[in-house]
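K.L.:
Give me a 3D structure for the following:
(chains A and B)
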Amino acid sequence: MEVISFVALAAGLIIGLGAIGACIGIGIMGSKYLESAARQPELMNELQTKMFLLAGLIDAAFIIGTGIALWFATANPFLAQIANLPK
Amino acid sequence: MTTEGHEHAPSAGEYIIHHLHHLQNKHQEGVVDFSVINLDSVFFTIVLGVVGCWLLWLAARKATSGRPGRFQAAVEILVEMVDSQAKGIVHNAQSRRLVAPLALTVFVWIFLLNAMDMLPVDLLPWVNEHTVGLPYLRVVPTADLSITMGLSLGVLLVCLFYNVKIKGAGGWVHELFSAPFGDKWFLYPVNFAMQLIEFVAKTVSHGMRLFGNMYAGELIFMLIALMGGAWSLSGTGIALFLGHIIAGSVWTIFHILIITLQAFVFMMLTLVYVGQAHDAH
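P.N.:
Numbers count the residues shown, from 1 in each chain, chains lettered A, B, ... in the order given. This is a model prediction of the structure:
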């Protein structure tokens, strides 16, 4: 029981903390992109590809974390280890 | 997985575990076991690679200098996009003759591999169960770490090749020992360690990023499918059915962005890494 509750907490923390970081990162990048596009509109296309590239990079760590957390939540690997422990 | 042949309907955990199991040539003992081959991933990767090459070949064969059709226009946009990115990153016209087509192939291939996520999660496993009867089937090859790490290792080999080709074997070894901090004998071990870390980190993060995105996306599709499964098993709660439809549609639309973005990111990083091999420090 203890393992299940700890893993549930851990999954929530992994997703939540990752989301904070990724959202702040995307927000800062988006605002900077809009600022720079307003300052120099002729660079907009060039900056847009770079922004999407960075969006992919920023998002990646968060989505990897979400995947691992969902894996823990649905197919908990630690329960199998508990079951194999000698009583 | 349908419930035929089972005494009971699979629980949520069993459903997910069954769907995350690869069709393998033998049972996997440890976390790292190089004698195991994920046959389903290899099969879909090769088939989609052939399909991608065939599509591009078709566009090239039917290309006209007159008014292009829709298909030709789409491929032309793609080729021009990759070509302009390659021109901006790899500053060597000779290398671009190989690297730009490589980037285009990588983009098309990974996009097709990722696009397998768009199929309903149970469609191909269901077809398989009713025709061929393989025990397991996973349809998204990029949600398999072996495939993505294989791709990023391939990119690493191209980088190493261009390092040797552009700088010469001696020049590259000199750079390995003197690059980040400076050409002093007492800095050689630190420099070499930093270079090794850089190569390993680049390759691992390159493969892990694609894998993580696709794996998480696939898992979320499975959870959404479970929502519909819960509705069909219980027969009550129309909210589950509506939730299934809405969540599935929203996530699929969002996933169109993710699969394109991740294929684009993989292609761009391939270009960036090969471009780095051309820059002398």
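
K.L.:
in the stretch 51-200 of chain B, what residue is nearest chain A?
P.N.:
Taking CB to the nearest CB as the measure, the stretch 51-200 of chain B has B:Q85 as its residue closest to chain A, at 7.1 Å. Where you see a C-beta, it was placed from the backbone N, CA and C, and this is true even at glycine.

K.L.:
Run through the residues that contact that residue.
P.N.:
A:49, B:103, B:267-268, B:271 (CB atoms under 8 Å, 6 or more residues apart in numbering or on different chains).

K.L.:
helices and strands around the longest helix seen in chain A, which ones?
P.N.:
If each helix of chain A is counted by residues according to DSSP state H, the longest one is helix A:2-39. Helices and strands touching helix A:2-39, by 3 or more CB pairs under 8 Å, 6 or more residues apart in numbering or on different chains; DSSP states H and E, are helix A:44-74, helix A:77-84.

K.L.:
and B:G243, what does it touch?
P.N.:
By CB under 8 Å, 6+ apart, the contact set of B:G243 is B:M227.

K.L.:
Remind me which helix or strand it belongs to.
P.N.:
Assessed by DSSP states H and E, B:G243 sits inside helix B:238-278.

K.L.:
As TSV, the contacts of B:Q85 with distance to B:T260 and neighbour count would be great.
P.N.:
As requested, those are arranged in TSV below (distance: CB to CB, whole Å; neighbours: other CB atoms under 10 Å in any protein chain shown):
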residue	distance to B:T260	neighbour count
A:T49	12	15
B:A103	15	25
B:M267	11	25
B:M268	12	22
B:L271	17	23
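
K.L.:
Next, give me the two most distant ones among those.
P.N.:
A:T49 and B:A103 (13.3 Å; CB to CB).

K.L.:
what helix or strand is the residue of the stretch 51-200 of chain B closest to chain A on?
P.N.:
Counting by DSSP H and E, the secondary-structure element that holds B:Q85 is helix B:70-89.

K.L.:
Tell me which stretches of the stretch 51-200 of chain B form helices.
P.N.:
Using DSSP state H, counting those that start in this stretch, the helices of the stretch 51-200 of chain B run over residues B:70-89, B:93-115, B:123-131, B:145-178, B:188-234.

K.L.:
now the first one and helix B:238-278, what's the angle there?
P.N.:
Yep, that's helix B:70-89 we're talking about. 50 degrees (axes from the mean of the first three to the mean of the last three CA atoms, to 10 degrees).

K.L.:
Quick one: mean pLDDT for helix B:70-89?
P.N.:
Across helix B:70-89, the average pLDDT comes to 89.
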